[in-house]
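Student: Here is a sequence together with a model predicted from it:
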Amino acid sequence: MRIVILPLTVAAAAVAFATPALAQDAAPSAVPTGIEEQMAGDSITVGVAAAYITDYEGSNDYRFTPAPGVLATIKGYTFTLLGNRASVDLIRDNPGPTWDLQAGPIGLVNFNRNSNKSIDDRRIRALGELDTSIELGGFVGIGKTGVITSPYDKLSVTVSYRHDVSNVHDSAIWQPTINYFTPLSRKAAVGLFASAERAGRGYARTYFSVDGAQSLASGLPVYNARDGWKNWSLGVIGTYALTGDLLKGWKAIGGVVYRGMMNDFKDSPVTSIAGSKSQWASALGIGYTF
């Protein structure tokens, strides 16, 4: 069984693995001795979730798949692995209410339509399997800790760029994202995010166009998709400590995302006839922080 991740951004999905946080209503005098030192120290969270996602991008059929994750902060540098996506923030974070500059490499393994075994719709299977693409690039962003509810909530904005280096779709994807994270208590935290993706001509042609031969095989009409804004997403994601607190121990992880397809990606028969412009994804799992 291949492993993928529901379409969460790296920054927003990291909320599910719970960056260290305190209660939003905790007064300074209520902070336990040594807690600030713990928050400034190294932290590693590992987890796995059962994700409920579409069979392919634009599908109206769904399936379950495992989604592993790792979030590690070592000496202020953060590494994130979430299913098929990995990134490293090469700008060191500082503890406490402060500004946070973000920049580093990002990579993604795109499994979209690489196996007909995971696709129910016979028309999409008839279009043919596609190779797995490797998308590499980078991201930049800025965040602010201590914004609205407490000294520990965080608002951030990032922009990432990826390009296919495996010559599958041989084009670029831009992704701006805004997310907000806040602790609700020593045991619970929640995050909200909004994101969008702009895809290049090669991506549109590979995944959303239908040529003459594919039309004869599938019964879908011929369609030539153009580049542009591909989709927008809104999501909520959270975590609850089952043992200890958000700084250490076992925790439950969950999230729900809505994605709306746009422009030629919405109008393509891959989406409008065989699939749906409305996409949902969800995940529920468990993690451990040490």
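Tutor: Looks like it came in fine.
Student: So what's the residue count around Ser272?
Tutor: 17 (other Cβ atoms under 10 Å). Glycine gets a C-beta too; all of them are placed from N, C-alpha and C.
Student: So it versus Met261, what's the distance?
Tutor: According to Cβ to Cβ, to the nearest Å, Ser272 and Met261 sit 9 Å apart.
Student: same question for the helix or strand hosting Ile44, mean pLDDT?
Tutor: Using DSSP states H and E, Ile44 sits within strand 43-54. Averaged across strand 43-54, pLDDT comes to 92.
Student: Give me the helices and strands touching it, please.
Tutor: When contacts are defined as 3 or more Cβ pairs under 8 Å, 6 or more residues apart in numbering; DSSP states H and E, strand 43-54 packs onto strand 62-74, strand 249-261, strand 278-289.
Student: Show me where the stretch 101-250 of the chain has its strands.
Tutor: Taking DSSP state E, counting those that start in this stretch as the criterion, the stretch 101-250 of the chain carries its strands at 133-145, 154-164, 172-183, 188-199, 228-241, 249-261.
Student: can you put those strands in a markdown table and add distance to Arg205?
Tutor: Shown next, in a markdown table, are the strands of the stretch 101-250 of the chain (distance: least, Cβ to Cβ, whole Å):
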| stretch | distance to Arg205 |
| --- | --- |
| strand 133-145 | 13 |
| strand 154-164 | 12 |
| strand 172-183 | 13 |
| strand 188-199 | 10 |
| strand 228-241 | 12 |
| strand 249-261 | 16 |
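Student: Format the ones you listed as JSON lines; extra columns: mean neighbour count, mean pLDDT and distance to Thr65.
Tutor: Shown next, in JSON lines, are the strands of the stretch 101-250 of the chain (neighbours: other Cβ atoms under 10 Å; pLDDT from 0 to 100; distance: least, Cβ to Cβ, whole Å):
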{"stretch": "strand 133-145", "mean neighbour count": "18", "mean pLDDT": "96", "distance to Thr65": "18"}
{"stretch": "strand 154-164", "mean neighbour count": "19", "mean pLDDT": "96", "distance to Thr65": "21"}
{"stretch": "strand 172-183", "mean neighbour count": "21", "mean pLDDT": "95", "distance to Thr65": "21"}
{"stretch": "strand 188-199", "mean neighbour count": "21", "mean pLDDT": "96", "distance to Thr65": "20"}
{"stretch": "strand 228-241", "mean neighbour count": "20", "mean pLDDT": "95", "distance to Thr65": "17"}
{"stretch": "strand 249-261", "mean neighbour count": "19", "mean pLDDT": "95", "distance to Thr65": "15"}
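Student: Pull the contacting residues for Leu101.
Tutor: Neighbouring residues of Leu101 by Cβ atoms under 8 Å, 6 or more residues apart in numbering: 91, 141-142.
Student: if we go to 7 Å?
Tutor: 91, 142 (Cβ atoms under 7 Å, 6 or more residues apart in numbering).
Student: Tell me which of the helices and strands packed on strand 43-54 lies nearest to Tyr207.
Tutor: strand 249-261 (11.3 Å; Cβ to Cβ).
Student: So in that sheet, which strands flank the closest one, and in what orientation?
Tutor: Strand 249-261 has its sheet partners listed here by DSSP bridges as strand 228-241 (antiparallel), strand 278-289 (antiparallel).
Student: Asp267 is nearest to which of those strands?
Tutor: Across the strands paired with strand 249-261, closest to Asp267 is strand 228-241 (Cβ to Cβ), at 10.9 Å.
Student: Off-centre distance for the closest one?
Tutor: 7 Å (Cα atoms, centre = their mean, to the nearest Å).
Student: just stretch 166-173 next, same as before
Tutor: Distance, centroid of stretch 166-173 to centroid of chain: 19 Å (Cα atoms, centre = their mean).
Student: got it, and stretch 153-161?
Tutor: 12 Å.
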